[in-house]
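Asks: pasting the structure only:
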Ligand code: HEM
Ligand SMILES: Nc1ncnc2c1ncn2[C@@H]1O[C@H](COP(=O)(O)OP(=O)(O)OP(=O)(O)O)[C@@H](O)[C@H]1O
Ligand SMILES: Nc1ncnc2c1ncn2[C@@H]1O[C@H](COP(=O)(O)OP(=O)(O)OP(=O)(O)O)[C@@H](O)[C@H]1O
Ligand SMILES: [Mg+2]
Ligand SMILES: [Mg+2]
């Protein structure tokens, strides 16, 4: 399994540039939103966490449709699907994790820089980082389901995103509200954060199983 | 060449009605935003144009890396590259156009509906439509260069994202600022819009030539 | 042993599309008649109902809005159950049921969105707000359309079945969200007054027409669904026959 | 090599869409035995192999591996499947590709060869550090064969293993299979060309796909 | 068939990376003549064909098509290249795939066959409306051969055309090539298996890629 | 500003239209399928699984 993580990461860094693309897209989002807001720094700081979260969510979609597509085209997917049920679930868990390492983690790491651009306070930035750290894996896990469903489609890209975005909404809601709660005083940080963590755990369990069910059915 | 457009569009529609997918994707992106930003209608109206543009950029990026990759994997690319220089440039122009038809155009057409959902004024929606109509082809054309470079580099697509997204960001920025200029009073609409159009024309000319050069140079 | 074989036999006999066609053909006329009758009664009752002292005549929108919203959710639940049938028992009709419910569910969801907006304009002064219930119904609409796109994308029904079923089940988490969104977040939309644990809190003069309309909508749904399922079975039959014809000539061997 | 005694298929029936490709396929393969599947294009050789590998469901019938003591062993863990495609990443080096499969598939049934030795065995000494995409068609296929060596599994399921191989490699392949059989392995291969193996069993798929069972859409 | 008289290669030298694969390759092919390239895996057959097709640059030397009047014709417009991969889209129907190539490649050199007839010729009558991805490996390859028929070009460059074909199709392929040669076409094919053609010229690539020209790293 | 009656009328009208559209679509689809089936049978293509003499 370590081998699988290593391979997927090697491919991601060697050919996809997925990490870079995600971060750049993230940057583009954050650079563009202020146009509508005008130069109102307070407002920017206020909506900063939301912007970062939306950017991260959209950026995670970028590599998602290729998660299994490449493996299918060269025949590796056969070997993965051949495994027994449990190993397959584990494999998919690991592949989602590798996807997160390649696309989600860089976003978390880039967050402080973007927080600076959005004029966010240190607490606020920290809170966003923490929520992203917990929330982006959840996106990768639930995204694996969409990728598995779309694996037999030649141009799954948009379809995967369409199928996944509605499911990712709870992650976004609690991620953003936890990030806000960290700075606005009366609201407590922990309840939404705990819910976010619960969702992440739930998706980490559900995603690989559902993806496995989809892949087992659809091989040709 | 008509045959090529027809084929590429057929492939795009076969995988789920590209136009419908584009609109659905946009709806999904727009539906996600209020969850992050909160349901404040004024705020939504203000970031509306930016959201629509980000959605368009994302939608283009999602399909772009596959523009030539699929042709390469099944061997069709050989036949395209075998042509003489001029036909190749024309072919690539047509392929970029087909990509735009399949992903860019539906977004332009869906913009009014989304404007309604985002509580945008009629002027604002119109301005966004106009800028998208000019700007999205530019993304497809410059994206083709990235896709071409990605396809020939056996192990280094990293360059591509770093190359293309920065080039796409000016499109985004001028598009968004023109859209805003149309509604906020002191700013004139035409200057940024003219720049956007100039960029689009430039990319339409440059993109296919550069992509052809990349493909001719390094087929394996 | 004998017990299981019998139930197995009964189960597979229902799975046989030919048997299903015959059976549904017999049931359909009654179902359709019942649907039309209850719709007529429901319409009469909803216009005979007194106007609300607060909302005036617009309260009549309720009689078509609320059943549409319920049906939107019920239809998805039907699909979810059918998906379990696909995944667990590999029942060949389950996939047909799930697939053909999609456009119908999408239509009801659309209606609940539309009538809601048309009600919201005079009541709240706006067509649309991004409140939790409205948005979650919007998301439901998106999921219907997304699943339709998925089916359209895979031309081979045999291969679309399982992935679509998985996705339907995963998307089911949205249904409780819709149902309870009004209680979890405070929103513009009113909380449940009919389907609640401590019994309905709505006045009988309005409750009865509502219930009859709900019944009518449900019957309409089943009528349409049954018809669509029959169509789908025929569509697959045609596809198969085409392919077989081609292979009989074409393979040559 | 520890592993199964027998591979037993009984009354296998396979279909694509609604046309039945083959019916009533049954065979028993013991240690050191090989089965070659032949038949015209489209007769269902690949389909049969994918069913054996568990990648497709059989319409009816079973395939199982039985251990020495008669217990059933999971096919997935005890067999290698080599399809039409090579299951290698163009971007990664040959050695990286093989190392991945070695550790991914190497769990249950004993040690495989070291990677360098496997590359030697397929006659490509020295390509370990090249990206897989740089190899010629036949070289790629040979590396795909090397995957079978780096982790040791008793049953080999091979779909046109010698496609794109030159004559010398054909012999080399025959040697590999022979060695595998001699250590008690089993092999099932679909092919159009003679594999150069003596004393193998043969299964001919006729390619008459006409019967359609009831209870389905047709 | 209108088209070139001759295909002339002079002193072709091909290399991959820094190793020279072949040197000093020269031949002249007239109407109705065929050349078969053989050699072990990795000897440079595919590379040579890609150079002839203009997909790779030759290190030195030239390849040209000469018309009846001695003028050079563009190779790209007068030749069909069939590589290891089939150049068909899995998701499109067979007929759509062929229709696309017919209109894309059909410009210069005369009429090709109607699509249905081409499908008949490769023995797959009736598959026109199936998605290409549904075909078996050999059927796919045969449809790829049908592409050569739907638009008529005098020079065929074939890279292992018979890979995955069953024996009956091998003969069928030989017939196709023979018919092509009889109407004045030219063919150059790389292969490991006998193609069943009589009276063809042969070019053997030795596969000793050791010579490295000076001035490079190796 | 529309009268409240207009809103009521619009919602009932839209509901009727949508449901009628759905019904018509399904009926037409069914007709087309039956026609295709009849065409195929006219061409002599028979379902091979069909037990002799069974009609449907
Ligand atoms: C587009 C806008 C709207 C949407 C998507 C929507 C959605 C829904 C849904 C899903 C239900 C079912 C809830 C349940 O069974 O628990 C419902 C019920 C209901 N809606 Fe709406 N609604 C909208 C607008 C409105 C407006 C504007 C009003 C009135 C001012 C309204 C009044 C009601 C009432 C009274 C119920 C019945 C609640 C009950 O008794 O359980 N809705 N709506
Ligand atoms: N894209 C590439 N980049 C670098 N080197 C390559 C590339 N493709 C092939 N080579 C090398 O060139 C040599 C010749 O390859 P080529 O594909 O021409 O062989 P071939 O004769 O067609 O072999 P086969 O019979 O296996 O198809 C091989 O040693 C291979 O490693
Ligand atoms: N993914 C698929 N979906 C539907 N039908 C398929 C699919 N793959 C193959 N078929 C059909 O099943 C039949 C058998 O295909 P299969 O690939 O098993 O043949 P094969 O014996 O391996 O042939 P070949 O020698 O050409 O490889 C063919 O008629 C083919 O059209
Ligand atoms: Mg095969
Ligand atoms: Mg070769």
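Replies: Good, I have the coordinates. What you are looking at is a predicted structure, and each value in this text was computed from that prediction instead of being measured. Ligands and ions are numbered 1, 2, ... in the order given.
Asks: Could you pull up phi and psi at residue 103?
Replies: Just so you know, I chose chain A. Here is the backbone geometry of residue A:103 (degrees, to the nearest 10): phi -120, psi -40.
Asks: um, chain D though
Replies: The phi and psi values for residue D:103, taken as degrees, to the nearest 10, are phi -80, psi -20.
Asks: for ligand 3, what are the nearby residues on chain D?
Replies: D:16-17, D:21, D:39, D:41-47 (Cβ under 6 Å from any ligand atom). Just so you know, the C-beta spots here come from the backbone N, C-alpha and C atoms, and that holds for glycine as well.
Asks: Count the neighbours of residue A:94 for me.
Replies: 17 (other Cβ atoms under 10 Å in any protein chain shown).
Asks: give me the residue from chain A nearest ligand 1.
Replies: Proximity of chain A to ligand 1 (Cβ to the nearest ligand atom) peaks at residue A:166, 14.8 Å away.
Asks: Not including adjacent chain positions, what is the nearest residue to that residue?
Replies: Leaving aside its chain neighbours, residue A:166 sits nearest to residue C:139 (4.5 Å; criterion: Cβ to Cβ, 6 or more residues apart in numbering or on different chains).
Asks: wait, doesn't residue D:62 sit right on residue D:13?
Replies: No: the criterion here is Cβ atoms under 8 Å, and residue D:62 misses it with residue D:13 at 10.7 Å.
Asks: quick one: which of the two has more around it?
Replies: Neighbour comparison, residue D:62 and residue D:13: the larger count goes to residue D:13, with 17 against 12 (by other Cβ under 10 Å).
Asks: Contact partners for the more buried one?
Replies: Residue D:13 sits next to D:20, D:22-25, D:58-61, D:213 when contact means Cβ atoms under 8 Å, 6 or more residues apart in numbering or on different chains.
Asks: Flag the shaky bits of the chain, pLDDT-wise.
Replies: Let's take chain A. Flagging of chain A using pLDDT under 70 yields the residue ranges A:1, A:3, A:11-19, A:36-39, A:154-157, A:185, A:218-220.
Asks: wait, I meant chain C there
Replies: Along chain C, segments meeting pLDDT under 70 span C:1-15, C:52-55, C:155, C:182-188, C:190-202, C:245-253.
Asks: check which helix or strand covers residue D:13.
Replies: Using DSSP states H and E, residue D:13 sits in strand D:6-16.
Asks: Sheet-wise, list the partners of that strand with their directions.
Replies: Strand D:6-16 sits in its sheet next to strand D:19-29 (antiparallel), strand D:60-66 (antiparallel), going by DSSP bridges.
Asks: tell me the mean pLDDT over it?
Replies: What strand D:6-16 shows for mean pLDDT is 87.
Asks: Give the buried residues for it.
Replies: D:6-9, D:12-16 (16 or more other Cβ atoms under 10 Å in any protein chain shown).
Asks: Just put those residues in CSV and tack on distance to residue D:172.
Replies: Listed next are the buried residues of strand D:6-16 as CSV, based on distance: Cβ to Cβ, whole Å:
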residue, distance to residue D:172
D:6, 28
D:7, 25
D:8, 31
D:9, 29
D:12, 31
D:13, 36
D:14, 32
D:15, 36
D:16, 34
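Asks: wait, which of the residues you listed is closest to ligand 4?
Replies: The nearest member of these to ligand 4, counting by Cβ to the ion, is residue D:16 at 11.6 Å.
Asks: hang on, that closest one packs against residue D:46?
Replies: No: using Cβ under 8 Å, residue D:16 is not in contact with residue D:46; the gap is 10.0 Å.
Asks: What about the closest residue to residue C:60 other than its chain neighbours, how many residues nearby?
Replies: Leaving out its chain neighbours, the residue that sits closest to residue C:60 by Cβ to Cβ, 6+ apart is residue F:8, at 5.1 Å. By other Cβ under 10 Å, 23 other residues sit near residue F:8.
Asks: Ok, residue A:48 next?
Replies: 26.
Asks: Stretch D:31-45 near chain C at all?
Replies: Yes: counting by Cβ under 8 Å from any Cβ of the partner chain, chain C is contacted by stretch D:31-45 at D:40, D:42-43.
Asks: Most neighbours out of the residues you listed, which is it?
Replies: Busiest of these [other Cβ under 10 Å] is residue D:42, holding 28 neighbours.
Asks: and that residue, what pLDDT?
Replies: For residue D:42, the pLDDT comes out at 85.
Asks: my read: it touches residue E:135, true?
Replies: Yes: Residue D:42 lies in contact with residue E:135 (Cβ under 8 Å); the separation is 7.2 Å.
Asks: which residues do the two both contact?
Replies: By Cβ under 8 Å, 6+ apart, no residue touches both residue D:42 and residue E:135.
Asks: Count the residues that sit near residue A:188.
Replies: Neighbours around residue A:188, by other Cβ under 10 Å: 11.
Asks: what residues are up against it?
Replies: Applying Cβ under 8 Å, 6+ apart to residue A:188 gives the contacts residue A:181.
Asks: swap in the one 5 residues further on?
Replies: For residue A:193, the contacting residues are A:130-131, A:134, A:174, A:178, A:181, by Cβ under 8 Å, 6+ apart.
Asks: Torsion angles phi and psi at residue A:61?
Replies: Per-residue torsions, residue A:61: phi -70, psi -20 (degrees, to the nearest 10).
Asks: now it, nearest residue through space, not along the chain?
Replies: In space, and not counting its chain neighbours, residue A:61 is closest to residue A:161: 4.6 Å by Cβ to Cβ, 6+ apart.
Asks: That neighbour and residue B:25 touch, don't they?
Replies: Yes: using Cβ under 8 Å, residue A:161 is in contact with residue B:25, at 5.7 Å.
Asks: Name the residues contacting each of the two.
Replies: Shared contacts of residue A:161 and residue B:25, defined by Cβ under 8 Å, 6+ apart, comprise residue B:62.
Asks: show me where chain D has helices.
Replies: Remark: helices assigned in chain D by DSSP state H are D:45-53, D:75-78, D:94-105, D:115-121, D:137-150, D:167-182.
Asks: how distant is the third one from the center of its chain?
Replies: For helix D:94-105, the distance between its averaged C-alpha position and the chain's averaged C-alpha position is 18 Å (Cα atoms, centre = their mean, to the nearest Å).
Asks: what's next to it, contact-wise?
Replies: If you take Cβ under 8 Å, 6+ apart as the criterion, helix D:94-105 is touched by A:2-4, A:6-7, A:10, A:79, D:80, D:87-89, D:92, D:112, D:115, D:118-119, D:124, D:127-132, D:135, D:143, D:146-147, D:150-151, D:153.
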